[in-house]
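K.L.:
only geometry, no sequence info:
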């Protein structure tokens, strides 16, 4: 794969230096997030008719790395090459890490130490898709805000309680940039281009990308609730929102009815008429769905997952889980673990 010109000392028009970015790709990284971050830089160069940005691609060992969709990317070098200046520059203007579905398996003291050192030197650090996980392990996110993909957010929040994780498109704090992945990487990079080259350039890049607007950091990651559940009844949607925000400490049906100003009988009728199941069943399914995400995306114990999802005992949790998914939590975790790569330690 072709990377940008790696000479960070190159001058553009004799005035501004070319900003050189480094992308560190982790095995099973999300190709959509990576390409969505690179393309706005390329487009900025195109609309300006000069080189404002260049970039390099790095992997931990310098070998080609496979994305989660099976495509491989050939890097410009290894993390060791990057640290020792063998890539043709001594310090990048920004480093962005891109990971994917197996991020919780990575442990790299070299990577974490390098990111801490660069951040201490004032170099902006970015994490795309699930890479906030790695920045948190590197100690860069404690008491700071960050964004991460909504599917990974529950396990991240349980693992890193000192990090203020948000379900936003992207977050910027203390020179650390994090985004939810997917096309949110475009929004984060457009924000960065706007900061560095001006809003007019960011708008022109947006038009080149066929994007009708530059989304704000706090724009939602997921579809609106009414689109996800396929109903438009405001009372029902309010009850579902209550359930989703109280998974660890479930509300009683009486509490839900009271908070929405309805009778228990009316609550029961709305759920059965519009969703085809009782409110208790719907609430249980929400908690089990959260539990399944925690099981497959964290190393929390079965008991910890059960407690985090509002179950009073691991045995009750396992019984409910088996009834819905046809196998025990332990079996589900083993099956998922058997289909993914081994722990990535460097």
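P.N.:
Structure received. Just so you know, these numbers come straight off a predicted model, no measurement behind them.
K.L.:
OK, contacts around the nearest residue to residue 259 once chain neighbours are set aside?
P.N.:
Spatially, and ignoring its direct neighbours in sequence, residue 259 is nearest to residue 242 (6.1 Å; Cβ to Cβ, 6 or more residues apart in numbering). For glycine as for every other residue, the C-beta is placed from the backbone atoms N, C-alpha and C. The contact partners of residue 242, by Cβ atoms under 8 Å, 6 or more residues apart in numbering, come to 251, 256, 259-260.
K.L.:
could you dump those into JSON lines and include pLDDT?
P.N.:
JSON lines is the format used below for the contacts of residue 242 (pLDDT from 0 to 100):
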{"residue": "251", "pLDDT": "96"}
{"residue": "256", "pLDDT": "96"}
{"residue": "259", "pLDDT": "94"}
{"residue": "260", "pLDDT": "94"}
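K.L.:
which ones among the residues you listed lie within helices?
P.N.:
Using DSSP state H, the members of those that fall within helices are 256, 259-260.
K.L.:
just the buried subset of the residues you listed, please.
P.N.:
The neighbour-count test (16 or more other Cβ atoms under 10 Å) marks 256, 260 as buried among the ones in helices among the contacts of residue 242.
K.L.:
in a markdown table, list the ones in helices among the contacts of residue 242 along with distance to residue 206.
P.N.:
Below are the ones in helices among the contacts of residue 242 laid out as a markdown table (distance: Cβ to Cβ, whole Å):
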| residue | distance to residue 206 |
| --- | --- |
| 256 | 42 |
| 259 | 41 |
| 260 | 40 |
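K.L.:
follow-up on the earlier one: where's the residue nearest to residue 259, which helix or strand?
P.N.:
In the assignment (DSSP states H and E), residue 242 maps to helix 234-244.
K.L.:
mind listing what's buried in that helix?
P.N.:
Using 16+ other Cβ under 10 Å as the test for burial, helix 234-244 gives 236-240, 243.
K.L.:
for the residue nearest to residue 305 when sequence neighbours are not counted, helix, strand, or coil?
P.N.:
The shortest distance from residue 305 to any non-neighbouring residue, by Cβ to Cβ, 6+ apart, is to residue 294 (4.7 Å). Going by DSSP: H, G, I helix; E, B strand; the rest coil, the secondary structure assigned to residue 294 is helix.
K.L.:
report how many residues lie close to the residue nearest to residue 297 when sequence neighbours are not counted.
P.N.:
Nearest residue to residue 297, sequence neighbours excluded (Cβ to Cβ, 6+ apart): residue 155, at 4.2 Å. For residue 155, the count of nearby residues is 24 (other Cβ atoms under 10 Å).
K.L.:
next up, the contacts around the residue nearest to residue 305.
P.N.:
154-155, 158, 300, 305, 308-309.
K.L.:
repeat that for residue 45.
P.N.:
Counting by Cβ under 8 Å, 6+ apart, residue 45 has contacts 51-53.
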